[in-house]
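>>> My questions concern the predicted model and sequence given below.
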Amino acid sequence: MSANPAAAKSVEVPMRVLSGVQPSGRPHIGNYFGAMRQNVELSRSSDAFIFIANYHAMTSIRDRKVLAEYTDGLARDYLALGLDAERSAFYRQSDVPEVCELAWILTTVTPMGLLERCVSYKDKVEKGIPADHGLFAYPVLMAADILIVKSTTVPVGADQKQHVEVARDIAIKFNNTHGNIFPLPNERILPEVAAVPGVDGQKMSKSYGNTIEPFEDEKSLRKKVMAIKTDSKGVAEAKDPETCNLFALFKLFAAPQERDSMAARYRAGGLGYGDVKKRLADLILEHFADARKRRAALTADEVETALRNGAEKARKVARATMQEVRRAVGLS
Ligand code: ADP
Ligand code: TRP
């Protein structure tokens, strides 16, 4: 017997990993180091479910063209970065509409208080962003994503930890009310990646307009890199790499040897920021060269086929879960 009463109620299933990403804009280098790279790795190392959370993105995007463009763009980005769509199930959330049915069923066992405590909802309300029901119910939809494929392991950043805890609470509620159907999901917190700085030195973020995007055209990318903010020290002066956001970006792309010799050149003086920027732009373009080529060569058909195959895999599991759920609650 387990000492943990919640664990005792869980349903025994093999580990199943699931990760969701919102198509909320064109991804930038911060997203790449903070999330995308890890998801690509996941798709290669396990039979993971990785999906584009376009239902979730509807809580912030109300323009159909924009939503479709970001969804398609993100699928391309992931495939270009090497996501293994054969091994994993890579799909659009909206291609598995069963998730919405489950979300409704889960709302009937979700206490209001559980959602009222969710920080992401509270934050938005405090910032004066008008709250609609979609924003409030967001964690229930996320619970449905997780539970419909009976996922046990959800790798997320610290900001999403609470949502996975809510999914676990909802699973317990459901199991207690209707019988043990769902294994209890656990969050696996991703190793914290130091925030990648944007061109203005703040954390790189879509909302600050300070991003560099792995797939933007070369001219625009170089222009942004040349505009990275630095202090105003002259070429001859010694500089401190540790406090320089240009160097913080540089060290993400440079091999250790080049990183160390660049740090030494900073400290010695005689190095201009313009030269560092030129080298950084080259390194970024080199880092993403293969992915950029692959992205340009991907046809609409290839993207669609990958997503359809992924949806088929996910839907097979989702339909089986929904059969159990419908029977358990008295809908069939
Ligand atoms: P944004 O701030 O641009 O809106 P999101 O909040 O959509 O980015 O983040 C999506 C994912 O990318 C999250 O997992 C987040 O932790 C990661 N991420 C976003 N910005 C950065 C950054 N500057 N450095 C590292 N990781 C980041
Ligand atoms: N809410 C997550 C985010 O904004 C995206 C997401 C939706 C998700 N459903 C999920 C993440 C299920 C993990 C599991 O990043």
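Now that the structure is in, tell me what you want to look at. Ligands and ions are numbered 1, 2, ... in the order given.

>>> got a list of contacts for stretch 238-257?
29, 33, 194, 196-197, 201, 212, 228-231, 233, 259, 262-263, 266-269, 271, 273, 276-277, 279-280, 283-284, 286-287 (C-beta atoms under 8 Å, 6 or more residues apart in numbering). C-beta here means a position set from N, CA and C on the backbone, and glycine is covered the same way.

>>> and ligand 1, which of those residues reach it?
33, 196 (C-beta under 6 Å from any ligand atom).

>>> Could I have the buried ones of the contacts of stretch 238-257 as PyMOL selection syntax?
In PyMOL, a selection of the buried entries from these looks like this (16 or more other C-beta atoms under 10 Å):
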select buried, resi 29+33+196+197+212+228+230+233+259+262+263+266+271+273+276+277+279+280+283+284+287
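
>>> In helices, which of the contacts of stretch 238-257 appear?
29, 259, 262-263, 266-268, 273, 276-277, 279-280, 283-284, 286-287 (DSSP state H).

>>> Could you identify the most distant pair in those?
Spatially, the most separated pair among the ones in helices among the contacts of stretch 238-257 is 29 and 268, at 27.8 Å (C-beta to C-beta).

>>> Secondary structure class of the nearest residue to residue 16 once chain neighbours are set aside, three-state.
Of all residues not flanking residue 16 in the chain, residue 151 sits nearest, at 4.9 Å (C-beta to C-beta, 6 or more residues apart in numbering). Put simply, residue 151 is coil when judged by DSSP: H, G, I helix; E, B strand; the rest coil.

>>> Please apply the same query to residue 155.
Residue 155 falls in the strand class when you classify it by three-state DSSP.

>>> what ranges do the helices span in the stretch 51-200 of the chain?
Using DSSP state H, counting those that start in this stretch, the helices of the stretch 51-200 of the chain run over residues 54-57, 64-80, 98-107, 112-116, 119-126, 133-148, 161-178.

>>> List the buried residues of the third one.
Applying a neighbour-count criterion of 16+ other C-beta under 10 Å, the buried positions in helix 98-107 are 98, 99, 101, 102, 103, 105, 106, 107.

>>> Pretty sure the fifth one sits against residue 139.
Looking back up the chat, that one is residue 103. No - judged on C-beta atoms under 8 Å, residue 103 makes no contact with residue 139 at a distance of 10.0 Å.

>>> do you know how far the closest residue in space to residue 164 that isn't next to it in sequence is from residue 146?
Leaving aside its sequence neighbours, residue 164 sits nearest to residue 187 (C-beta to C-beta, 6+ apart; 3.7 Å). The gap separating residue 187 from residue 146 is 10 Å, by C-beta to C-beta, to the nearest Å.

>>> repeat for residue 118
In terms of C-beta to C-beta, residue 118 sits 15 Å off from residue 146.

>>> Comparing those two, which shows the higher neighbour count?
For residue 118 versus residue 146, neighbours defined as other C-beta atoms under 10 Å are more numerous around residue 146 (29 against 18).

>>> The more buried one contacts residue 164, correct?
Yes - applying C-beta under 8 Å as the test, residue 146 and residue 164 come out as touching, 7.2 Å apart.

>>> residue furthest from the geometric center of this structure?
residue 236 (42.2 Å; C-alpha atoms, centre = their mean).

>>> Report the contact partners of that one.
Applying C-beta under 8 Å, 6+ apart, we find residue 236 in contact with 269, 270.

>>> overlap in contacts of residue 146 and residue 164?
In contact with both residue 146 and residue 164: 154, 185, using C-beta under 8 Å, 6+ apart.

>>> Closest residue of this protein to ligand 2?
The chain approaches ligand 2 most closely through residue 20 (2.8 Å), counting by C-beta to the nearest ligand atom.

>>> Does that residue belong to a helix, a strand or coil?
Counting by three-state DSSP, the backbone at residue 20 sits in strand.

>>> Just grab the bridge partners of it for me.
residue 51 (DSSP bridges).

>>> Tell me if I'm right that it and residue 93 touch.
Yes - if you go by C-beta under 8 Å, residue 20 and residue 93 touch, sitting 7.2 Å apart.

>>> and residue 129, how many residues sit next to it?
13.

>>> Give the closest residue to it in space, chain neighbours not counted.
With sequence-adjacent residues excluded and distances taken as C-beta to C-beta, 6+ apart, residue 129 is closest to residue 135, at 7.8 Å.
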